Each structure stands twice: as C-alpha cells, then as structure tokens.
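1. following is a predicted model, sequence given first.
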Amino acid sequence: MGAVKTRGLFLSGAAFILGVSLSGLSGSLRGGDFAGVGTPGRETEPSRREHVLAGTTPVIGRGLRIVIADAGIRRAEDGSVNVERMLVHEKHLLMLTNELFAAGAEAVSVNGERLTAVTAVRCVGPAVRINDVNAVPPFEVKAVGSPQVLKRSITMMGGVVDSLSAAGIEVKIYDGEELRVEPYRGTFRVRFAR
C-alpha cells in the first residue's frame with residue numbers, strides 16, 4: 001500500500017505539471033476507463049490538494065523533522081580513514097525520503113527544498129544537489145503527515161534509521177512538531193509531453 005501512495009504522490013505532481021485533471025484522472029482510472037485522460041478540454045482548475053501534492057504551495061501541518069549528519073572519523077584496523085564512508089550521500093537522503101513518502105507523507109523537504117515529481121537528488125563533491133541547489137550537512141528533512149506512522153516507518157527494525165546508524169550517520173528525530181514546508185521554487189518545463 002505504501003508504494004501505491006508514493007506513486008500516487010508523484011503521479012499527482014506529474015499530472016499537475018502536465019495539466020491533467022486529477023479528479024478526472026482518478027475517476028477514469030477507478031472506472032477502468034483511460035479514454036479522455038489528459039484530453040484537452042477535460043481539464044479543470046487544480047484544487048488545493050493538487051497544488052499540495054505537486055509541491056507548488058506551502059504546507060503547514062504536524063509531522064517529523066529529522067536531522068542527519070555526517071559520521072565521525074572512523075579508522076580502519078590499519079589506521080586509514082575512508083572519507084567517502086563518513087559522508088551523507090544522496091542515497092541516504094533518497095532512502096529516507098522514499099520511506100517517508102511510502103508511509104504517507106504529504107509534503108517533504110530537505111534543507112528547505114521541496115521534493116516534487118521533477119526533483120533530482122545527486123552528489124556533487126562534498127555537497128548534495130537538490131532541485132539544482134547545493135545542500136550540505138547537517139540535512140534537515142521535514143515531512144508533513146501522521147507523526148506516529150512516519151516515525152514507525154523509519155524506525156522499524158532493519159529500516160532506514162538502522163541502516164543510517166550502521167553507517168555511522170547521526171540521526172535525530174523530532175516528532176509531533178507543527179512544520180512549514182515551503183513550495184518548490186523551480187520551474188516545471190514541459191517540452192515533449194502533449
């Protein structure tokens with residue numbers, strides 16, 4: 001069920017970007033009728049929900065704030081230090097944010113950058129580039145959703161927090177806070193989709 005919610009969230013963002021009415025889309029998909037999805041003239045004005053899911057409007061609500069930071073210096077038996085293993089990488093952020101979306105987070109940001117259907121997260125030297133903005137640790141991840149559900153999803157045995165902690169990455173979780181997640185500040189470019 002979590003994967004469906006994640007896909008639904010990104011589908012919602014993509015549908016908004018492409019100008020497809022989500023109410024028409026969900027109705028068509030529920031009825032098994034794909035005709036008319038994305039057909040010009042069948043679109044309606046995006047609702048508040050569609051803007052929230054697309055990431056184009058600020059969101060305020062309860063959820064989790066998670067701070068993750070680079071690991072401390074860990075020396076191998078021979079005394080060497082592998083700096084690469086001490087850093088928070090894009091894979092760590094993606095693992096965490098994907099789990100939050102799968103658990104029903106309605107809005108997620110990393111260091112103030114809202115994650116959307118078009119967000120790219122990648123390592124660039126010692127920084128992580130999110131929405132074409134360089135971010136450095138500590139990384140503050142905000143997720144609006146049920147604090148209890150979100151926390152259980154990332155702290156389950158063998159889950160995200162265990163994986164990050166095993167890599168020496170510091171993880172601090174603050175739950176139940178009233179959070180504000182800012183909207184996506186970039187632009188959506190549609191060149192090939194019709």
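-> That came through fine.
2. chain neighbours aside, what residue packs nearest to Val52?
-> With sequence-adjacent residues excluded and distances taken as CB to CB, 6 or more residues apart in numbering, Val52 is closest to Val59, at 5.7 Å. To be clear about C-beta, it is placed using only N, CA and C from the backbone, and glycine gets the same treatment.
3. pretty sure the one you found is touching Arg180, no?
-> Yes. Val59 is in contact with Arg180 according to CB atoms under 8 Å; the separation is 7.3 Å.
4. of the two, who's got more company?
-> Counting neighbours by other CB atoms under 10 Å for Val59 and for Arg180 shows that Val59 has the greater number, 21 against 12.
5. relative to Thr119, how far out is the more buried one?
-> To Thr119, Val59 is 15 Å away according to CB to CB, to the nearest Å.
6. also Thr57?
-> Relative to Thr119, Thr57 is positioned 16 Å away (CB to CB).
7. Val190 now?
-> From Val190 to Thr119 the distance is 16 Å (CB to CB).
8. more neighbours, the two?
-> Thr119 (20 against 10).
9. could you say which helix or strand contains that one?
-> Thr119 is part of no helix or strand, with elements assigned from DSSP states H and E.
10. tell me the contacts of the residue nearest to Val52?
-> 52, 106-107, 144, 180-181 (CB atoms under 8 Å, 6 or more residues apart in numbering).
11. from Leu53, how far out is it?
-> Using CB to CB, one obtains 10 Å as the distance from Val59 to Leu53.
12. could you tell me which residues touch both of those two?
-> Shared contacts of Val59 and Leu53, counting by CB under 8 Å, 6+ apart, come down to Glu106.
13. returning to that earlier point: what sits in contact with each of Val59 and Arg180?
-> Counting by CB under 8 Å, 6+ apart, Val59 and Arg180 have no contacts in common.
14. point out where the chain drops to low pLDDT.
-> 1-45, 72-86 (pLDDT under 70).
15. show me where it has strands.
-> Per DSSP state E, the chain carries strands over the ranges 59-69, 107-110, 113-114, 121-124, 127-130, 133-135, 139-144, 170-181.
16. tell me which strands the third one pairs with, and in which orientation.
-> Neighbouring strands of strand 113-114 in its sheet, by DSSP bridges, are strand 107-110 (antiparallel).
17. again with the fifth one
-> On the basis of DSSP bridges, the sheet neighbours of strand 127-130 come out as strand 121-124 (antiparallel), strand 133-135 (antiparallel).
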